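Enquirer: Next come a sequence and a model predicted from it.
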4 protein chains.
Amino acid sequence: MGKVAMVPPMGWNSWDCYGAAVNEEQVRANAAYMEKYLKEYGWEYVCVDIEWYQPTADSHEYHAFAKLCMDEYGRLIPAENRFPSAAGGVGFKKLADDIHAMGLKFGIHIMRGIPRQAAEQNLPVLGSDQTAAQVANAHSICAWNPDMYGCRCEDNEEGARAYYNSIFRLYAEWGVDYVKCDDIAREYPQCRREIELISEAARSCGRDIVLSLSPGPAPLEQAEHLKKYANLWRITDDFWDEWDLLKAMFERAEKWCIHAGPGHWPDADMLPVGALKQDYGAANWTKFTKDEQYTMMTLWCMMRSPLIVGAELTKNDDFTLGLLTNKEVLDIEKESFCAHPLYRTDEECVWIAPRKDGTGVYAAFFNLADAARTIAIALADWELDEYTSAKELWSGDTVSLDGGKLSRCVNPHCAAVFFLVR
Amino acid sequence: MGKVAMVPPMGWNSWDCYGAAVNEEQVRANAAYMEKYLKEYGWEYVCVDIEWYQPTADSHEYHAFAKLCMDEYGRLIPAENRFPSAAGGVGFKKLADDIHAMGLKFGIHIMRGIPRQAAEQNLPVLGSDQTAAQVANAHSICAWNPDMYGCRCEDNEEGARAYYNSIFRLYAEWGVDYVKCDDIAREYPQCRREIELISEAARSCGRDIVLSLSPGPAPLEQAEHLKKYANLWRITDDFWDEWDLLKAMFERAEKWCIHAGPGHWPDADMLPVGALKQDYGAANWTKFTKDEQYTMMTLWCMMRSPLIVGAELTKNDDFTLGLLTNKEVLDIEKESFCAHPLYRTDEECVWIAPRKDGTGVYAAFFNLADAARTIAIALADWELDEYTSAKELWSGDTVSLDGGKLSRCVNPHCAAVFFLVR
Amino acid sequence: MGKVAMVPPMGWNSWDCYGAAVNEEQVRANAAYMEKYLKEYGWEYVCVDIEWYQPTADSHEYHAFAKLCMDEYGRLIPAENRFPSAAGGVGFKKLADDIHAMGLKFGIHIMRGIPRQAAEQNLPVLGSDQTAAQVANAHSICAWNPDMYGCRCEDNEEGARAYYNSIFRLYAEWGVDYVKCDDIAREYPQCRREIELISEAARSCGRDIVLSLSPGPAPLEQAEHLKKYANLWRITDDFWDEWDLLKAMFERAEKWCIHAGPGHWPDADMLPVGALKQDYGAANWTKFTKDEQYTMMTLWCMMRSPLIVGAELTKNDDFTLGLLTNKEVLDIEKESFCAHPLYRTDEECVWIAPRKDGTGVYAAFFNLADAARTIAIALADWELDEYTSAKELWSGDTVSLDGGKLSRCVNPHCAAVFFLVR
Amino acid sequence: MGKVAMVPPMGWNSWDCYGAAVNEEQVRANAAYMEKYLKEYGWEYVCVDIEWYQPTADSHEYHAFAKLCMDEYGRLIPAENRFPSAAGGVGFKKLADDIHAMGLKFGIHIMRGIPRQAAEQNLPVLGSDQTAAQVANAHSICAWNPDMYGCRCEDNEEGARAYYNSIFRLYAEWGVDYVKCDDIAREYPQCRREIELISEAARSCGRDIVLSLSPGPAPLEQAEHLKKYANLWRITDDFWDEWDLLKAMFERAEKWCIHAGPGHWPDADMLPVGALKQDYGAANWTKFTKDEQYTMMTLWCMMRSPLIVGAELTKNDDFTLGLLTNKEVLDIEKESFCAHPLYRTDEECVWIAPRKDGTGVYAAFFNLADAARTIAIALADWELDEYTSAKELWSGDTVSLDGGKLSRCVNPHCAAVFFLVR
């Protein structure tokens, strides 16, 4: 198969705005927006998050013991009341085809494991003489979602492998390009073998599929295992529109930055911008200030995190659209490497990242304090004294390096990001 | 209701010899033996251990996703293929009646929680407008047995209480005198509320039922909660016929001894004597030496642990029967109080326990070393100098206290136990 | 040598009222009071606490690098400006003789180790060809007092033993009956060997000396080592006149009670009653209420803790003197055994202790709550139903056991203690 | 003052070969060697390690309570029997002058704190009305060296500052260029304030002094404090010539690499090459194989660790001299930045580091396995596909990048390091 995620993936996911209740109409509307306004900037993945197989899902909460839609092999299939195009047993095929026709890619969320209901009903596993009850590990459950049992990857590897192969072949038939597998990344080391079987199923299914592991935080000491078996993995628990969570990301980014590279990207989670959480009643807009959104986008780009928007895209305002379509900032994701912080205090943080082509260096200033402050670095102190000019990429300002300093007054919780050239 | 377990219970349990596979014929055979040979010494409880509701149970192992026998309210009932007298929906009523007719009492094992199958089938909970799916906590499972979900004691107390009341009323109808509730004692503090609801169900069910909690070790810091809500609770993980486990019991006994009293007894687990583990193939006899069995019986009596025999009683040899029918040793359980060790080293340990009636003191010598040794205490050093004569209770020997000493050569891993009088 | 501390020691110690600054006049005044008012009740030890060798000690604080009084062998000797009778190199001989003449016994405090100044000056060790610099462990210091280095008990046992023998022979010559050795009991396991050498020095010095180890809490897992090598050991950090500390003692007493016996007593620390902390300026009286003092005395007696008064005795009021001279309560220390709590909640606690002579049982009620409450036990529930009458020992009240109950309204933070007879 | 350690320092230290016993003749001999053979490659610091003030030091061990050489202000001065040029109270001035005359720089080792002997003698602190006894913290000692007390940086900051200023002014007068301060880096957070006072003393003493903190491992969470207050800090405990220690350095290097930069360098400790440990009797040569030495030098250069040779330089063989004088390898220390591992398994590890000038990238292959292996990376997988040629710097080999791969067979425990250009 080809290689996937050679640069950090960019896309949209339904969780932040629709929870477990997203439906086909909503997915199509967001895909259409992406095609029209975002595609040209590199945005491409359209992802349906958790419980698309649960007919009564109606919020961000889960309903224990709800009847899930399965095929005769215990493989979950879309709930037709929510995804009408799945009628006739075609699953997500029709939806994926239509999204592909827009020049976009299609992703889904799955939970580690096999449906509890498949085990109770002891359904056969496709391509195997085993049954769901033989494959399911009755003692391996998710702490927060009631749908699945983990598979017996240790003591019935053959059965577990058969089951995982069976679902990924189905996803390949549907045309899935991206699988976000949940209840697995924070769960090291118990899930180590399960990750390997899922990864092997994804890579042998006959289609290029990006494999993303959730939830976070994945343990840092598993970095090499993650790099080998996954394309993306979450480095935090669910990230939402709160400054404390954003501020805390700096430490996580710092620890993980050396592990970012083609095909393996530490993932700082979705971007909670714009319109969020439709099911919470009144229209819910991100609580992040504009300045905080600049900080988030800058950090995600400098650390080369995947960029997955959580907004209901069709409600984007001009600011939000602008945030997502600054080509020079987005270029950092593709053109830089070797990023890391120069220093980080409770008040401010500075990162640099060289261009891969040797033509310059990106430098980002983050004001973590609650008041505006001038951030300044002496170029010679950081081995940047050969650079002669700089451009700030959010504002487009040319910035002087006279006096051997790069200096900028930055709003509270805001960021500036520069490109320095010789 | 009356008070139960005012002295430490004595009886038999099917686990050590039959595992999860015990059947009615075996239970009756052991009960008949007890009636004939043991009853007069105070033995009275006949207990059916785990998975009497599982038709295909065949060993000490569990079969995930086996179909369990339940009534229409999700209450587990005996598998008729194993317990024929349960035919016609009478549950254990007939068996219990017959055991009562022998002058004995009847006990059963239960797992904390509600059957997973009841939740999947969403059965109604008797005496309530709730259903099993509402009562079951899909995230609370046992680590080693696949049958149940814990109940939602925290966020649906009404439903959980209704369910527990419904099962204990059934047990009361059957004539159950003793319930060993499993997957609950080591699981503090998560199960604290569940213990309370089970205890309240047992005490309000209309029948005196001894409530015993497993597995161990129960946490010492929960001693007062245990004393309030349970009659017995395990202080170890499963105890088997291995010297290391027996030697380790001395430390546990020492920590728990102050908490023994009427209605609340720390439980050192079953006595693995005689014939054990039928399902392991060849006739399996306890690996404990006779001397080790003296040590075990002596320690259990001195610490006033419940005495629950694990042997297939009908295969008892003379030694085993003699071990279980030494009246003077068994009297310690009923007539002593305030027991505790005087000292314990890696080689030896000495316990004392006054008679409640003030007429004397029991003293036990334990040789924990691998060679015979003379254990001796100066009576004045331990405030026992007013005693003038002693009898060793296993041998019947009169022992001199001349010279102000109590002294005895004790076999390796063996014990001696004395009654001292003024 | 004879046996010491066969019942829990009773006495007085200078720390609570005088800190490190106590002088001879003060010691003699308290001894005289003890002879006159307390001796007949069993009080006998008069103990000089820390830094009697430090000429400039003036408070409860320590002065680093003060010049200490030593003899030519690096053995600390009393500062003559504070203890004039030590003139002429006789040490505490004259003071001890005078206290013995009163029918009392004499105790001193020592720090584990050898003076840092002896090591710096490299003084010879008496009875050895080693020097202080060879015996001192330059890396073993006390965390809170600057005077000493620990001894090299592990890698120069011969020298360490010679030094400890040399100091205990000096104390024997002085007529010391009781040594409180500090910086050693909480410091297990590093100090395990040092405790052994000190114990052996005490037992071979030619005089019966009670060995008491401080500070607490000593670790419970070292109980048998403590019972073998020490007579008393602290089970808490310094105890002062605060209800929270007193309430917390119930858990400690519960864990240690089985280890109390002739020659080895868990020590709940000094009794901070009456006049305290002279050096803190204005006359300082215990902050304990009278009711709390009843609780403290009752618990200490039931658990058989040593009783060491911290008050400046000459300032005792009638209440304090009465508290210390209730013969029936003090008898519990000598005549009971096997004490332990029946139960303990956040609001109340009940202990029992049989009389060694079989004539009855002591029972203590403790109200741990902040409001008066009636504490009641059903006698049959606690195996006390054979008892027919009771006397409350603080009030002298006869208490009815009619109805099978022992019941008493107890003030907040107060205690009642009963003697029950058949 | 000027800035120091703007590139990682390179030099020699006496510890590995001479322990605490080094003398002036030895220092001068090594300096002469450095001048003649190493200076042109950037080696410049000549450092006298621990206990130059102890007249009887004779090995790698310490002698407790030895008399240390001090001036009248409690400042340690060289032992004249070991450093004859210190005669007349000039300290290290003459030696430093002579080393400066060679075009080299001079460094010394100090222990955190003030001599215990200064505190005992209560010497005055220069430039202050305080005394050593007031400045010394009698409870702050080193766990392994007996010479010093820590200073009371928290509760007598004025005195502690005065003392530290007094010693750094003395070092500045002597001409010291480099201070390795010991017993302080692993000891965070207790020593945090002491580090700050020492740093401020070093920066205000009137001379540029590199401040290096030992021992390791310094805690990673103190990285920013270290970057602010120190120039170098150890990331390991003492590093010696053992493969396990070298292999373990890869994980440490990985965690610390983002914190390397001008003026602040994580320090992997001395290079134990060539002749070591003179005092251990027979001539002692490094136990590292040649291949392991390549690995060590390559890793130290890639991570930009300081390079401080531990060998007795005058005994260098050709291999050792060659190892230390490969200009192209040593250039990595000065010309690269943003180094980090691409991946690390138990068998192999690959690092890259861009040139600061954008002209190329360094890549290092490490064979961590016990057999030779071919290490190969696909250039496109690591964003290196624009590079067209490579040179291996130890061998001088030109390496083909045809086929889009960089590949090399590497000896067991050995390394290769490449420079890639477009």
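Expert: Alright, I've got the coordinates.
Enquirer: Lowest average confidence across helices and strands of chain A, where is it?
Expert: Within chain A, no helix or strand scores below strand A:284-285, which has a mean of 89 by mean pLDDT, DSSP states H and E.
Enquirer: helices or strands up against the helix or strand following that one?
Expert: In the C-terminal direction, the helix or strand that comes right after strand A:284-285 (DSSP states H and E) is helix A:290-302. Packing partners of helix A:290-302 (3 or more Cβ pairs under 8 Å, 6 or more residues apart in numbering or on different chains; DSSP states H and E): helix A:243-256, helix A:318-324, helix A:327-335, strand A:348-354, strand A:360-367, strand A:415-421. Using the backbone N, CA and C atoms, a C-beta is placed for each residue, glycine as well.
Enquirer: quick one: which of these is nearest chain D?
Expert: strand A:348-354 (5.2 Å; Cβ to the nearest Cβ).
Enquirer: Any buried residues in the closest one, and which?
Expert: Using 16 or more other Cβ atoms under 10 Å in any protein chain shown as the burial criterion, the residues of strand A:348-354 that qualify are A:348-354.
Enquirer: so it versus helix A:327-335, what angle?
Expert: Compare the direction of strand A:348-354 with that of helix A:327-335 by axes from the mean of the first three to the mean of the last three Cα atoms, to 10 degrees and you get 60 degrees.
Enquirer: So what's the gap between strand A:348-354 and the chain middle?
Expert: Distance of strand A:348-354 from its chain centroid, counting by Cα atoms, centre = their mean, to the nearest Å, is 23 Å.
Enquirer: Would you mind pulling up the elements that it packs against?
Expert: Counting contacts by 3+ Cβ pairs under 8 Å, 6+ apart, the secondary-structure elements packed against strand A:348-354 are helix A:290-302, strand A:340-344, strand A:360-367, strand A:373-378.
Enquirer: most neighbours per residue, which of those?
Expert: For the helices and strands packed on strand A:348-354, the largest average neighbour count (mean count of other Cβ atoms under 10 Å in any protein chain shown) is found in strand A:360-367, namely a mean of 25.
Enquirer: list the helices and strands it packs on?
Expert: helix A:290-302, strand A:348-354, strand A:373-378, strand A:405-410, strand A:415-421.
Enquirer: Against A:Gly261, how distant is the nearest residue to A:Cys414 once chain neighbours are set aside?
Expert: By the measure of Cβ to Cβ, 6 or more residues apart in numbering or on different chains, the closest residue to A:Cys414 outside its immediate chain neighbours is A:Asp291, 3.5 Å from it. If you measure A:Asp291 against A:Gly261 using Cβ to Cβ, to the nearest Å, the figure is 30 Å.
Enquirer: What ranges in chain A fall below the confidence cut-off?
Expert: Counting by pLDDT under 70, chain A contains low-confidence ranges at A:1-2, A:278-283.
Enquirer: Could you report the separation of the closest residue to A:Trp394 other than its chain neighbours from A:Gly274?
Expert: In this structure, A:Trp394 finds its nearest non-sequential neighbour in A:Tyr294, 5.9 Å apart by Cβ to Cβ, 6+ apart. The spacing between A:Tyr294 and A:Gly274, counted by Cβ to Cβ, is 14 Å.
Enquirer: How about A:Ala21?
Expert: Where A:Gly274 is concerned, A:Ala21 sits at a distance of 18 Å (Cβ to Cβ).
Enquirer: More neighbours: these two, which one.
Expert: A:Gly274 (27 against 20; other Cβ atoms under 10 Å in any protein chain shown).
Enquirer: Just confirm the more buried one contacts A:Ala311, I think it does.
Expert: Yes. Using Cβ atoms under 8 Å, A:Gly274 is in contact with A:Ala311, at 3.1 Å.
Enquirer: Any residues of the stretch 101-250 of chain A in contact with chain B? List them.
Expert: By Cβ under 8 Å from any Cβ of the partner chain, the part of the stretch 101-250 of chain A that sits against chain B consists of A:116-117, A:119-120, A:122, A:133, A:136, A:138-139, A:141-144, A:146.
Enquirer: just to revisit the earlier point, tell me the spacing between the residue nearest to A:Cys414 and A:Tyr343.
Expert: In terms of Cβ to Cβ, A:Asp291 sits 21 Å off from A:Tyr343.
Enquirer: tell me the contacts of A:Ala21?
Expert: Remark: with contacts taken as Cβ atoms under 8 Å, 6 or more residues apart in numbering or on different chains, A:Ala21 is in contact with A:57-59, A:82, A:279.
Enquirer: Redo those residues as JSON lines? Include distance to chain C, neighbour count and secondary structure.
Expert: Converted to JSON lines, those look like this (distance: Cβ to the nearest Cβ, whole Å; neighbours: other Cβ atoms under 10 Å in any protein chain shown; DSSP: H, G, I helix; E, B strand; the rest coil):
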{"residue": "A:Ala57", "distance to chain C": "45", "neighbour count": "24", "secondary structure": "coil"}
{"residue": "A:Asp58", "distance to chain C": "44", "neighbour count": "12", "secondary structure": "coil"}
{"residue": "A:Ser59", "distance to chain C": "41", "neighbour count": "14", "secondary structure": "coil"}
{"residue": "A:Arg82", "distance to chain C": "52", "neighbour count": "23", "secondary structure": "coil"}
{"residue": "A:Asp279", "distance to chain C": "43", "neighbour count": "16", "secondary structure": "helix"}
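Enquirer: Understood, closing this out.
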